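Chemist: next one to model:
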Amino acid sequence: MTDPVRLHDRYPELGNGNLPVAPYIDPAYYDLEKKYLFKRTWLHVGRVEEIARVGDYVVRELPVLDSSIIIARDRSRQVRAYHNVCSHRLNRVAYEPAGNTRKFFCKFHGWAYDLDGSLSGVPDEKSFINFDKKCYGLTPVSVDTWNGFIFINLDPNPSVSLKDFMEPMYAGFEDYPFEKFTACYSWNAVVGCNWKVALDAFQETYHVGYVHGRSIAYALLKDEDGNLHPIDGICGTHHRRLSIAGDPDTVYGNPQAATAAADRDVGHNQVGHKIAAKALKVAQGGTKLDFSDMKLPEKLNWTKHSTWAFDINVVFPDFYLSCRPNYFQAYNFRPVAHNKTLFEARVYYPEMATSGGRFYQEYMKTALRDVLLEDLSTLESTQRAAETGAKQEMVIQDFELMVRHQAVVIDRLIEEGLRRDGQLQAAE
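Modeler: Predicted structure coming up:
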């Protein structure tokens, strides 16, 4: 019997050795990530529906950028982004996490800014010397959108556009109906671990049979040896993808739940999961919108696997986007410190028209919440174990290739940044 083709064989440049533990626990390495990754990279900060009207805004507190950022819809309906810093004495100008406003006002001395960031009002303006309001607007932040997702870049002149950043891996996703999934549930949690420890737990299936053994493991497709392997994986210059197969007779593994008419006897293998089977059965065809003729992007289920369930897309550095035909998940793993992460989870469903559809949606909301709690349950103990120094390396198997890819890309970008700054020899 010949050896199976390995994912690692496609990407020899990534290597196949153990991974060092130091980048997960070293504050100095985190400082390099802040400087050469996060402050130079496009970062997902929300969706356009969050600022649908003129004057709508959200504020994103981003410790990894040492910044508070306002994202707003101006009077021309353009999406804008600014540092949340007044030009006068550096107080804030937006104080709520979200809202709608005609202008941003500093509560310290009353300076006012229009939605386009321009300074429009200065109390006792005549007392300022050689003063020109046009020179003192809010400091802009680079901002752009991709399929309704808003991204910012702290670099005022990004070396690559958002389009060019996304398209090598995700060109063709325009056909995915992100805008149709308008029912959103969200959870936030601050976890005592490095951001990579958190993200690593979501970009491999090796853990599923153990961490999720009593929840969703039954719904994903196993091989003849009982292993939960992904269908396939792709690594790009920055981003990475995994394709996952499921059991269509389960609520979690069925990619058509609630969006298609019932055409099979669901739940026959749902021993111990009767509520899940009921949710799947009553949900069929329960959406307000008709999804029967929906065309999915060719890059979704790129292997055309017969029991495909969903694809995991990791948009570098910290955005996890899981796409199915019937809903999508958008997670961010936002660094707070070298050993602390803000996990932000958003799950988007289509609006439901039937009580069965709502039952399914409520079931999925609670089921996914519990799955996330399972995922988070290992992270703080992993971080504490890493910090003991008992192990200097981690052993990586073939289907944890995405963990390796992340580590290699981060190392590469830090090295490139140090080389640009003439510090590589000192760092080595």
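Chemist: only C-alpha atoms for contact and neighbour calcs from this point on.
Modeler: OK.
Chemist: count the residues that sit near residue 330.
Modeler: The number of residues packed near residue 330 is 20, by other C-alpha atoms under 10 Å.
Chemist: just checking, what packs against the host helix or strand of it?
Modeler: Per DSSP states H and E, residue 330 falls inside strand 328-337. Helices and strands touching strand 328-337, by 3 or more C-alpha pairs under 8 Å, 6 or more residues apart in numbering; DSSP states H and E, are helix 195-200, strand 319-323, strand 340-349.
Chemist: now do that strand: everything it contacts.
Modeler: Residues from elsewhere that reach strand 328-337 (C-alpha atoms under 8 Å, 6 or more residues apart in numbering): 30, 44, 62-64, 178, 181, 194-195, 198-199, 318-323, 341-349.
Chemist: quick revisit: so which of the helices and strands packed on strand 328-337 comes closest to residue 207?
Modeler: helix 195-200 (10.6 Å; C-alpha to C-alpha).
Chemist: only alpha carbons, please: show the closest one as CSV.
Modeler: Once non-C-alpha atoms are left out, helix 195-200 reads as follows in CSV (Å, rounded to 0.1, in the frame of the first residue of the first chain):
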residue,chain,number,x,y,z
TRP,A,195,-4.3,35.1,20.2
LYS,A,196,-2.6,32.4,18.2
VAL,A,197,-3.4,29.8,20.9
ALA,A,198,-7.1,30.8,20.4
LEU,A,199,-7.1,30.8,16.7
ASP,A,200,-5.2,27.6,16.4
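Chemist: show me where the stretch 301-428 of the chain has its helices.
Modeler: Using DSSP state H, counting those that start in this stretch, the helices of the stretch 301-428 of the chain run over 355-376, 379-387, 401-420, 424-427.
Chemist: weakest of these by average pLDDT?
Modeler: Lowest mean pLDDT within the helices of the stretch 301-428 of the chain: helix 424-427, a mean of 58.
Chemist: can you tell me the element residue 44 falls in?
Modeler: Using DSSP H and E, residue 44 falls in strand 43-47.
Chemist: any idea of the mean pLDDT in that strand?
Modeler: Mean predicted confidence for strand 43-47 is 97.
Chemist: quick one: list the elements packing against that strand.
Modeler: Against strand 43-47 (3+ C-alpha pairs under 8 Å, 6+ apart) you get strand 149-153.
Chemist: got the buried residues for stretch 402-416?
Modeler: Of the residues in stretch 402-416, 402-411, 413-415 count as buried by neighbour count, 16 or more other C-alpha atoms under 10 Å.
Chemist: ditto for stretch 283-300
Modeler: Those would be 283-287, 291, 296-297, 300, for stretch 283-300 by 16+ other C-alpha under 10 Å.
Chemist: from one end of stretch 224-232 to the other, what's the distance?
Modeler: 17 Å (C-alpha to C-alpha, to the nearest Å).
Chemist: what residues does it touch?
Modeler: So stretch 224-232 is contacted by 7, 205-206, 208-209, 220-223, 242-245, 303, 305, 399 (C-alpha under 8 Å, 6+ apart).
Chemist: give me the subset of these lying in strands.
Modeler: 242-245 (DSSP state E).
Chemist: looking at the residues you listed, state which has the most neighbours.
Modeler: For these, the largest number of neighbours (other C-alpha under 10 Å) sits with residue 245, at 25 neighbours.
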